[in-house]
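Enquirer: What follows is a predicted protein model with its sequence.
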Number of protein chains: 2
Amino acid sequence: MEESEEQKISRALNDLADCELDLEKAENDVQIYRLKQLQSIYEKRDETIKMLPKFWSIVLSQNDDFANYIRASDFKFVDAIEGLIVDWETPNDYSITIEFHEIENVLNPQTIKKHFKFRDDELLSEPVAVDRPVLINNSGGIKSIFDWFAWTGTQGKREFANGADFANLISEDIYPYCVKYYTEAQRDVLDEESCSDSSEGGLITTTDDL
Amino acid sequence: MEESEEQKISRALNDLADCELDLEKAENDVQIYRLKQLQSIYEKRDETIKMLPKFWSIVLSQNDDFANYIRASDFKFVDAIEGLIVDWETPNDYSITIEFHEIENVLNPQTIKKHFKFRDDELLSEPVAVDRPVLINNSGGIKSIFDWFAWTGTQGKREFANGADFANLISEDIYPYCVKYYTEAQRDVLDEESCSDSSEGGLITTTDDL
């Protein structure tokens, strides 16, 4: 029996629906492939960054957006950041690990790992234990960067404001483009130096290569 | 001889520059892998779409942005579009193939393939031969969709306006999301029908599956 025109169309619509599912699956596979390809390069980069003094405090000060999320007085803790790593476990799920060195009488050395997960398009997290610095005064209303570690995405105004945007800023901008920000900051320093001193600094060739 | 602190930093900066090149290469490899993964699915989809009457004129009328690039009177040619295919050859280089059926005494049937290439972030193309419809009146100043086939990206105001945006609209929105636009258009039709007639149309189950 030959297919009617209506049956042909109905079959084509079902085939199209299958194609859409195949495309969605392929895009997800590509994301997984991408994370696998980048992972070993990022691991090598993480090791190299440890050789560069104050790398993360230079990068975090150079990024224009970062300062909008925290208190100005938090920058003394930003200067204590020794390491920052973003680790994507799946395309929907990543952790941010931040290592602080000691600030005598104020902050104990510690490494804090916070995990984030997309549920549909919404980012969620769970509070992680933090050895808070002494002398933090929360009466001003603006939450400290240490409050962000308690952010969950479910408590509304009671928690760190725009915690999801802050996490995404780190995972999608600061961490992947950290070398760009570091190089920009180095150039700015060299530009300032060359105004007062026409001899070139030792770093110029290297930073131009970046 | 032990490395000095300065030598260590210089070596780390060189290693970082290498990592950046590796990341760039990896991202490019991922794009190539993505195109390869999607290609066979798109080919299957192109074949399926041929079974659906007026598919492309429905999709192109449903996309809000498409009409901004062409003349209202061009829609009689849009209705004659039988096929539309975007083929990415590399991540920087794709072609758009459009097949028109005959409009008696006005348009000869023809298949036109136009090739686009990114040079840095700028899209460029070369003119392709077109069997233009009769009766096209260019005195109004707004260029017809047939002028777009001559667009190069190098002739400024003398050629089709925003030809790069129009090409990117087709390659990055209309072609990848054509099934979404088709389904939306079907829903709109069914919504209208269900206002005047409460019985459900035969397509509803199928389009909901999409």
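Expert: Yes, it's here.
Enquirer: List the contacts of residue A:161.
Expert: A:69, A:143 (Cβ atoms under 8 Å, 6 or more residues apart in numbering or on different chains). Placement of C-beta: from N, CA and C, glycine included.
Enquirer: how far is stretch A:47-65 from where the chain is centred?
Expert: Going by Cα atoms, centre = their mean, to the nearest Å, the spacing between the C-alpha centre of stretch A:47-65 and its chain's C-alpha centre is 13 Å.
Enquirer: for stretch A:165-185, the distance to its chain's centre please.
Expert: 6 Å.
Enquirer: Go through it and flag the buried ones.
Expert: In terms of neighbour count (16 or more other Cβ atoms under 10 Å in any protein chain shown), stretch A:165-185 has its buried residues at A:166-171, A:174-175, A:178-179, A:181-185.
Enquirer: my guess is residue A:128 meets residue A:114, correct?
Expert: Yes: shown here, residue A:128 and residue A:114 form a contact pair, counting by Cβ atoms under 8 Å, at 5.1 Å.
Enquirer: continuing past the biggest helix by length in chain A, what's the next helix or strand?
Expert: In chain A, with assignment by DSSP state H, the single longest helix is helix A:5-49. The C-terminal neighbour of helix A:5-49 among helices and strands, as given by DSSP states H and E, is helix A:55-62.
Enquirer: is chain B contacted by that next one?
Expert: No: using Cβ under 8 Å from any Cβ of the partner chain, we find that helix A:55-62 stays clear of chain B, coming within 9.1 Å at best.
Enquirer: picking that back up, so which of the buried residues of stretch A:165-185 belong to strands?
Expert: Per DSSP state E, strands hold no members of the buried residues of stretch A:165-185.
Enquirer: Closest one of those residues to chain B?
Expert: residue A:179 (5.4 Å; Cβ to the nearest Cβ).
Enquirer: Surely the closest one is in contact with residue B:18?
Expert: No: assessed by Cβ under 8 Å, residue A:179 is found out of contact with residue B:18, at 10.8 Å.
Enquirer: before we move on, back to that, avg pLDDT for the longest helix of chain A?
Expert: On average, the pLDDT along helix A:5-49 is 96.
Enquirer: hmm, that helix touching chain B?
Expert: Yes: counting by Cβ under 8 Å from any Cβ, chain B is contacted by helix A:5-49 at A:6, A:8-17, A:19-20, A:22-23, A:26-27, A:29-30, A:33-34, A:37-38, A:41, A:44-45, A:48-49.
Enquirer: do stretch A:177-189 as well
Expert: Yes: using Cβ under 8 Å from any Cβ, we find that stretch A:177-189 touches chain B at A:179, A:182.
Enquirer: between the longest helix of chain A and helix B:55-62, how many degrees?
Expert: 60 degrees (axes from the mean of the first three to the mean of the last three Cα atoms, to 10 degrees).
Enquirer: Mind checking what secondary structure residue A:98 has?
Expert: strand (DSSP: H, G, I helix; E, B strand; the rest coil).
Enquirer: list the contacts for it?
Expert: So residue A:98 contacts A:81, A:83, A:84, A:111, A:112, A:114 (Cβ under 8 Å, 6+ apart).
Enquirer: quick one: terminal-to-terminal distance for stretch A:116-132?
Expert: Using Cα to Cα, to the nearest Å, the end-to-end distance of stretch A:116-132 comes to 21 Å.
Enquirer: same deal with stretch A:146-155?
Expert: 16 Å.
Enquirer: so where's chain A uncertain?
Expert: A:1, A:135-142, A:196-210 (pLDDT under 70).
Enquirer: hang on, the earlier thing: among the residues of helix A:5-49 next to chain B, which ones are buried?
Expert: A:9-10, A:12-13, A:15-17, A:19-20, A:22-23, A:26, A:30, A:34, A:37-38, A:41, A:45, A:48-49.
Enquirer: A strand includes residue A:116, no?
Expert: Yes: Residue A:116: assigned to a strand according to three-state DSSP.
Enquirer: quick one: it and residue A:167 touch, right?
Expert: Yes: with contact defined as Cβ under 8 Å, residue A:116 reaches residue A:167; the gap is 5.3 Å.
Enquirer: closest to residue B:160 among the contacts of residue A:98?
Expert: Checking those against residue B:160 by Cβ to Cβ gives residue A:84 as the nearest, at 47.6 Å.
Enquirer: I'd like to know which elements the longest helix of chain A is packed against.
Expert: Packing partners of helix A:5-49 (3 or more Cβ pairs under 8 Å, 6 or more residues apart in numbering or on different chains; DSSP states H and E): strand A:81-90, helix B:5-49, helix B:178-196, helix B:204-209.
Enquirer: re the thing from before, quick check: neighbours shared by residue A:116 and residue A:167?
Expert: A:96, A:123, A:125.
Enquirer: Give the buried subset of these as a PyMOL selection command.
Expert: Only the buried entries of those go into this PyMOL selection, using 16+ other Cβ under 10 Å:
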select buried, chain A and resi 96+123+125
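Enquirer: quick revisit: filter the contacts of residue A:98 to the buried ones?
Expert: A:81, A:84, A:112, A:114.
Enquirer: Show me the contact partners of stretch A:145-160.
Expert: Contacts of stretch A:145-160 (Cβ under 8 Å, 6+ apart): A:69-71, A:74, A:77-78, A:112, A:114, A:122-128, A:130, A:132-133, A:136, A:138, A:143, A:163-164, A:166-167.
Enquirer: And that stretch, end to end?
Expert: The straight-line separation of the ends of stretch A:145-160 (Cα to Cα) is 8 Å.
Enquirer: buried sites along it?
Expert: In stretch A:145-160, counting by 16+ other Cβ under 10 Å, buried: A:145, A:146, A:147, A:148, A:149, A:150, A:151, A:153, A:159, A:160.
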